[in-house]
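Enquirer: Give me the fold of what follows.
(2 chains)
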Number of protein chains: 2
Amino acid sequence: MLKNPAIVAAGLAKFGVREASYKDLISEAGQACFEAAGGAIKPKDIDGFIICTVMPERTAVQSHTASMAEECLGIRPGAMSLRVEHMCQSGNLGIRTACAYIMAGLCETVMVVGAEKLQVPVPDEIFLNMSTGLDRDWEACQGVTAPIMFAMCAQAHMRKYGTTREQLAKVAVKNQVHSAKNPYAQFQSGVTIEQVLNAKRITTPFGLFDCSSISDGAAAVIVTSAERAKDYTVKPVYFIGTGQSVHGLTFANHYEDLSHWPPLKQAAESAYKMANIKPADVDVAEIHDCFTIAEIITSEELGFCGKGEGGPFVESGQSDYGGQVVINPRGGLLGCGHPLGATGVAQTAEIFRQLRGEAGERQVKGAQIGLTHNNSGPTEHVVNIYSTEVVS
Amino acid sequence: MLKNPAIVAAGLAKFGVREASYKDLISEAGQACFEAAGGAIKPKDIDGFIICTVMPERTAVQSHTASMAEECLGIRPGAMSLRVEHMCQSGNLGIRTACAYIMAGLCETVMVVGAEKLQVPVPDEIFLNMSTGLDRDWEACQGVTAPIMFAMCAQAHMRKYGTTREQLAKVAVKNQVHSAKNPYAQFQSGVTIEQVLNAKRITTPFGLFDCSSISDGAAAVIVTSAERAKDYTVKPVYFIGTGQSVHGLTFANHYEDLSHWPPLKQAAESAYKMANIKPADVDVAEIHDCFTIAEIITSEELGFCGKGEGGPFVESGQSDYGGQVVINPRGGLLGCGHPLGATGVAQTAEIFRQLRGEAGERQVKGAQIGLTHNNSGPTEHVVNIYSTEVVS
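Expert: Reported below is the predicted structural model:
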């Protein structure tokens, strides 16, 4: 019998190019999370702590950041303390790891903080840092970068399924229109289809707005047992399903058909099965639109539309308000910016607010089932599913 | 009802100053682990993978190392993939996190690899890298390093309890005598008390042999559910207890009395309670002797001897073969070297061998209960406990 853990509080630090230090960002998000709980949860109630962060060793000359963050926030966890990293999957992995500890009975109430300070003073250093996510010996050293990897996926998808440049652009427009309603997002003014199509070219077929930005930011949530959740809030949001699948790091080794992402399909199937739901049951999804093509392929592999239909799906508005499922109401990575470890935690904070009916002008009406997804490349995916109700 | 996960295989790469790359070390340990299982466990049986590693971002310009390691070993985990970091606690935290996922029912069979390549070509870079484990803003920037922190603990303990320089030295002698019997250890020739006392001074009261070395190395174990364990081996070693407690990162903030380590006592009590054993039940312990004083204070806080009696305890042979509990038969960090993330996993590999009666000339006779411990500073500790039998 599954005991569903629950999210009971969430807080954010604004994403963008921030004057704040790495520590400042952590403190800002963690304190916002405690404040959002309205005094119901105090640092002494936290017996587990996880920080999701990719490269503070490079950007802040700092390892050992779980303890550092706990000290910033006045937390002394008596049962668990951990830093979790898996490049861009780090945030959602931190959440599912907290849930695993709670489900195992090894701790009860965990704060999960995602944080990254990617904007450092030397631009060359930023690009070297980002390249640490690729295999140094086989790919990073050849100049392969994330935009190139995903551009190859886009080209394959366009060739095989007739996906258009305009359909890609539509993802960017939708998500930046959403982010303009999110005060914590990096991009606040929206973009038009013309702006996306005419933007500076990055790598074919992507222009600037097809690519998420290298940002600073942090986010925090508190996860606890189903039993304890009711002590902290009248509206817990339950963690009801999760799946992950990883097919290696190097891009070249893995696919003949770059338009299909089998590990994502597998991770989603595991999560749906555990949650006992179908894709059509999902009301709101925060998915990993690191590049526009990623949202399109992810919509397909998650089963929101048929394989190859991701382009028409976004074009027809089926992934926007009033459609089948609202994808990335927060603004996605394209609208919010992408501070690696912080992204999955901020996605979770958005689902928490949406399922509680507290998302303001971004609210998805009547949302009861929400999903978060991170990739750390086309070959690696994690999916978590949340509900207003426990699974019986 | 607790379902105890079990260790079913273990493998090591030799610790030391290695010509091997970071990837080489991972492959060596992982392959040794599969080979040790004698073909009973194959890469396709592994549905979860954890790498415990502290600073590949600095030493190998590489984040995202879980996927990289999986690819090296031909593993495609369909349920979980993670990198865990918490400075010197990373290894034992990786193991307990694998167990948490298994106990939660989120995956079944996890390979845990600990790996570090700390010896890089530029010596100044090595010291900068090691300093990332301390708080950059408050302590690392002032020149505080691990030897200084632990030397202050030693001074406090000597003043308060009359612990002698010779008692400290005895820890180094015992552990290097042990490591001389361990072909995977960095130090193979043993040391005498005179050699320890007359060695190059590092920081009062420590000489060279009181300090563990900055080493390369890797280790791997496979953890699975109690149900599955019997398919893989006739002698599983069960994970029966665990505890962790963290009181922040900066050293200066935390203790009036540096000779007492309350979070270690708390972590141990949690682990003993879960395992339903007393300290006197432990036959063999792999504890974190990063410096000689650490073994002495840890012996006390784990309850192997009274508070303040850690010096006489080692001096009288109570922590050696024939004594109350054999501490660090592998040779400890002082004898094996200390490749951060690899240490806790190698400790676990030793307990696995000891409890199966396969430790050769290092065998602790009749060992049935084993314990592993890591600190990542005096304020942060994790304890895991193992048994030849499940806890009912």
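Enquirer: tell me the domain ranges of chain A?
Expert: Residue ranges for each domain of chain A read A:5-121+A:215-237, A:141-211+A:240-387, as given by automatic domain parsing.
Enquirer: Give me the contact status of the longest one with chain B.
Expert: What that stands for is domain A:141-211+A:240-387. Yes: when contact is scored as CB under 8 Å from any CB of the partner chain, part of domain A:141-211+A:240-387 falls within range of chain B: A:242-250, A:253, A:263, A:266, A:270, A:376-377, A:379-380. (Each C-beta comes from the backbone N, C-alpha and C, glycine too.)
Enquirer: ok, now the shortest one?
Expert: Yes: interface with chain B: domain A:5-121+A:215-237 contributes A:23, A:49, A:54-55, A:57-58, A:60-64, A:66-68, A:70-71, A:76-87, A:93, A:96-97, A:99-101, A:103-106 (CB under 8 Å from any CB).
Enquirer: Now, of the residues of domain A:141-211+A:240-387 next to chain B, which are buried?
Expert: Neighbour counting by 16 or more other CB atoms under 10 Å in any protein chain shown classes A:242-250, A:263, A:266, A:270, A:376-377, A:379-380 among the residues of domain A:141-211+A:240-387 next to chain B as buried.
Enquirer: from those, which ones fall inside strands?
Expert: Among those, the members found in strands (DSSP state E) are A:242-246, A:380.
Enquirer: helix/strand/coil for the residue minimising distance to the centre of chain A?
Expert: The residue at the geometric middle of chain A, judged as the C-alpha nearest the mean C-alpha position with CA atoms, centre = their mean, is residue A:344 (2.9 Å). Recorded secondary structure, residue A:344: helix (DSSP: H, G, I helix; E, B strand; the rest coil).
Enquirer: contacting residues around it?
Expert: With contact set as CB atoms under 8 Å, 6 or more residues apart in numbering or on different chains, residue A:344 has these partners: A:52, A:89-95, A:114, A:372, A:374, A:382.
Enquirer: For it, give its distance to residue A:373.
Expert: 9 Å (CB to CB, to the nearest Å).
Enquirer: now do residue A:220
Expert: Plainly put, residue A:220 is 20 Å away from residue A:373 if you go by CB to CB.
Enquirer: Which of these two has more residues huddled nearby?
Expert: When residue A:220 and residue A:373 are compared on other CB atoms under 10 Å in any protein chain shown, the one with more neighbours turns out to be residue A:220, at 32 against 29.
Enquirer: so what does the helix or strand where the more buried one lies touch, helix or strand wise?
Expert: Secondary-structure assignment from DSSP states H and E places residue A:220 in strand A:216-224. If you count contacts as 3 or more CB pairs under 8 Å, 6 or more residues apart in numbering or on different chains; DSSP states H and E, strand A:216-224 packs onto strand A:6-16, helix A:22-36, helix A:90-103, strand A:109-117, helix A:341-355.
Enquirer: That one: partners in the sheet, and parallel or antiparallel?
Expert: Within its sheet, strand A:216-224 is paired with strand A:6-16 (antiparallel), strand A:109-117 (antiparallel), according to DSSP bridges.
Enquirer: Which other helices and strands does the helix or strand just after that strand contact?
Expert: Using DSSP H and E, the helix or strand that follows strand A:216-224 in sequence is helix A:226-232. Contacting helix A:226-232 under the criterion 3+ CB pairs under 8 Å, 6+ apart are the following elements: strand A:6-16.
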